[in-house]
Structures are given as structure tokens and as C-alpha cells.
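Novice: coords below, sequence missing:
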């Protein structure tokens, strides 16, 4: 994604939303599974944003309980991000998330939005990712308090519907609640573009994935630093190879590997090949960078160093409006 800087964005709505949620700046780390643990969430919150703990495909009550201590005592709000089909398999996970008393809980990648009323009744803001005006209307009707408009540029799982800026316009046309922009936001001009378009904030993934506080392995960080935007490809091969029940509507954007080259477009063959699936599991366990999946959006070429999350957020926000206020 790229934006123009011909005029400064009006930050009134963005800063108002941030203050309502308890943050100083309208920047949220995406709840990336295997990346956004408690340390990253705490660092984002301490820097003035809304830090999110992400459960991802491997989410569980035990995994959440392991990450929550990192955000206890941090001055500011935190959130928890869940995957719909994971919660369906372990309903106690939503219970544990509510009991943790975050400012926001997101549940995405599903059709059933009944969870939103329970979250809202607990005094917590419910959020979900949307990919069209129709998605936005359904979410609002279900009581969702924050919509995350996620464009195809984003890393990880998401529907392949529209690029971020056209999608953002479509969602904002029907939205009566705050809308956060997600997908390819890695530079100040990108952030300025979505705020100028009317977003209340940004949902940041790839630009924070290599930060020193993330859960990503050293091999994963090196892969992100070496990658360029063209290296981020869409595939369902990993989900099929690992036997994960991701809906086919949500392929993942990951770094290109030998595995994606071999199996993208051949998922049916992969599903019927036990030896290939066994080899994949072994390579992931060994953190083999030629095979292991690394979520990455099209802005991955802007990730050039391992640095604290606070530095990334300050660079983005200062590039739009000056230094981060303390």
C-alpha cells in the first residue's frame, strides 16, 4: 500500500477513539498467532497504543494464561484476539478472555457473531475483521463495536476481496462505529492515507512482527528482514498440510518458500499425501526457513531491522503528526 501526503489527515476521530479505549495513539498491533504474545502487547500499550495478545490457530486457555502476566500492571489498555473456529473447539477460551478484563476482544474468521453480545455485556468492546460493506452491516447488527477493514495487502489469513483503500471507503460508507484499517500499513504515508480516508486507527501486523518483543523465532525474523513485498504470496497449502480447519474463504499471505512453490494450487494432492504432511510438520518443528510458514503482508520490504515496538510506533505516528505524547 502507498499513500499520498498532499494534505495532513484530520486526526480528531482517530485520537477520540484512542482516548475512549484508553490509549494515547490509535495504533493497534494485530493479534498475530505465534507472534503477538504478551510481551509485544505490553510494549505496544506502554508506547501509547492498544496492545493485542493473539491466540491464532494454536490458541488455548493455557496459552492465554501464559501470556496474560506480561500485560498486568502496564499503564494502558490491552486486547485479546481470537479465531472463530478455535473458540468453537474450545469455548472456555472465550470465557478466559472475558475474565481477563481486556478493553477489547476480537473474534474473526467466522459467521456466528453471537459472541459479541456476551463480550459487550461484560463491558468489553467487541471487534471483528470485515471484508465488504455486507460484512460491516452484519457485524454492526450483531453489536460489534469496532470494525477492522482488512485489505488483501495484509499478512496472515484474510478474505481476498479488495485492496485496503477501496475497501475502507466501502466500509466507512455504511459504518456507524469506529473502523480500523489493516493491510500493508508500514510507513507514515500509509498511515496518513488511511486516517485521511476516515479510519479511526490502524491495525498493524507485519511492521511489528520482527520487533524484539515478538514471539517470532530468530529464523523467522531473519526471513522477514531479507524479504521484499513480492515475496509475500497467498496460499492455503500450509493450512491443508497441517490439517487446520481454516475456511477456504481465508487463505494466508505468507513468505514464499519451497513449500509454497511446490504445493500452492495443488492442495487436493497435498491433502491426500500423508508423507508430505508429515514432512511439513517436521520442518515446522525444526523451524526450517525454507519450509516453515511466516505470515507477511505486502509491506514486508519495509521491515529492515529488529527494533523495539515503541520505536516503530513512534516513527509511524511522528511521521503523521509529530512526536508521540507521553
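Specialist: That came through, no problem. Source: prediction; values computed, not measured. Residues are numbered from 1 along each chain as shown.
Novice: Pick out the residue nearest the middle of the protein.
Specialist: Nearest to the geometric centre of the chain sits residue 30, at 2.8 Å (CA atoms, centre = their mean).
Novice: The closest residue to that one other than its chain neighbours - how many residues pack around it?
Specialist: Spatial nearest neighbour of residue 30, excluding adjacent residues (CB to CB, 6 or more residues apart in numbering): residue 205 at 3.8 Å. (Glycine included, C-beta is placed from N, CA and C.) Look at residue 205: counted by other CB atoms under 10 Å, it has 30 neighbours.
Novice: Pop out the phi and psi values for residue 205.
Specialist: As for residue 205, its main-chain torsions (degrees, to the nearest 10) stand at phi -120, psi -80.
Novice: In this structure, where is pLDDT below threshold?
Specialist: For the chain, the stretches with pLDDT under 70 are 1-8, 323-326.
Novice: Show me the strands in it, by range?
Specialist: Taking DSSP state E as the test, the strands found in the chain are 27-29, 51-54, 78-83, 104-108, 125-130, 146-150, 156-157, 179-182, 201-204, 232-235, 252-255.
Novice: How about the contacts made by the residue nearest to the centre of the chain?
Specialist: 36, 52, 54, 81, 154, 156, 182, 203, 204, 205, 208 (CB atoms under 8 Å, 6 or more residues apart in numbering).
Novice: From residue 264, how far out is the last one?
Specialist: Read it as residue 208. When CB to CB, to the nearest Å is the yardstick, residue 208 and residue 264 sit 26 Å from each other.
Novice: more neighbours, the two?
Specialist: More neighbours surround residue 208 than the other of residue 208 and residue 264, with 28 against 19 (other CB under 10 Å).
Novice: Quick one: residues contacting the nearest residue to the more buried one once chain neighbours are set aside.
Specialist: For residue 208, ignoring the flanking residues on the chain, the nearest one in space by CB to CB, 6+ apart is residue 29 at 5.1 Å. Contacts for residue 29 (CB under 8 Å, 6+ apart) come out as 36, 40-41, 44, 49-52, 203-205, 208, 309.
Novice: what sits opposite residue 29 in the beta ladder?
Specialist: residue 204 (DSSP bridges).
Novice: and the gap between it and residue 183?
Specialist: Here the criterion is CB to CB. By it, residue 29 lies 14 Å from residue 183.
Novice: just to revisit the earlier point, and the residue nearest to the centre of the chain, what are its phi and psi?
Specialist: phi -60, psi 140.
Novice: Pick the one among the contacts of residue 29 closest to residue 160.
Specialist: residue 205 (16.4 Å; CB to CB).
Novice: Hmm, residue 295 and the closest one touching each other?
Specialist: Yes - with contact defined as CB atoms under 8 Å, residue 205 counts as touching residue 295 (7.4 Å).
Novice: Return every residue with contacts to both of these two.
Specialist: Looking at what touches both residue 205 and residue 295 (by CB under 8 Å, 6+ apart), the common residues are 32, 155, 156.
Novice: Residue 207 contacts residue 299, doesn't it?
Specialist: Yes - if you go by CB under 8 Å, residue 207 and residue 299 touch, sitting 6.3 Å apart.
Novice: who touches both of those two?
Specialist: Between them, residue 207 and residue 299 share the contacting residues 185, 186, judged by CB under 8 Å, 6+ apart.
Novice: neighbour-wise, which of these two wins?
Specialist: For the pair residue 207 and residue 299, the greater number of neighbours falls to residue 207 (28 against 24), based on other CB under 10 Å.
Novice: nearest residue to that one other than its sequence neighbours?
Specialist: Leaving aside its sequence neighbours, residue 207 sits nearest to residue 186 (CB to CB, 6+ apart; 4.3 Å).
Novice: How about residue 244?
Specialist: Leaving out its chain neighbours, the residue that sits closest to residue 244 by CB to CB, 6+ apart is residue 57, at 5.4 Å.
Novice: Tell me how far that neighbour lies from residue 115.
Specialist: On the measure of CB to CB, residue 57 and residue 115 end up 18 Å apart.
Novice: likewise residue 121?
Specialist: Residue 121 sits 11 Å away from residue 115 when distances are taken as CB to CB.
Novice: okay, those two: which has more neighbours?
Specialist: Set residue 121 next to residue 115 and count neighbours by other CB under 10 Å: residue 115 wins out with 24 against 11.
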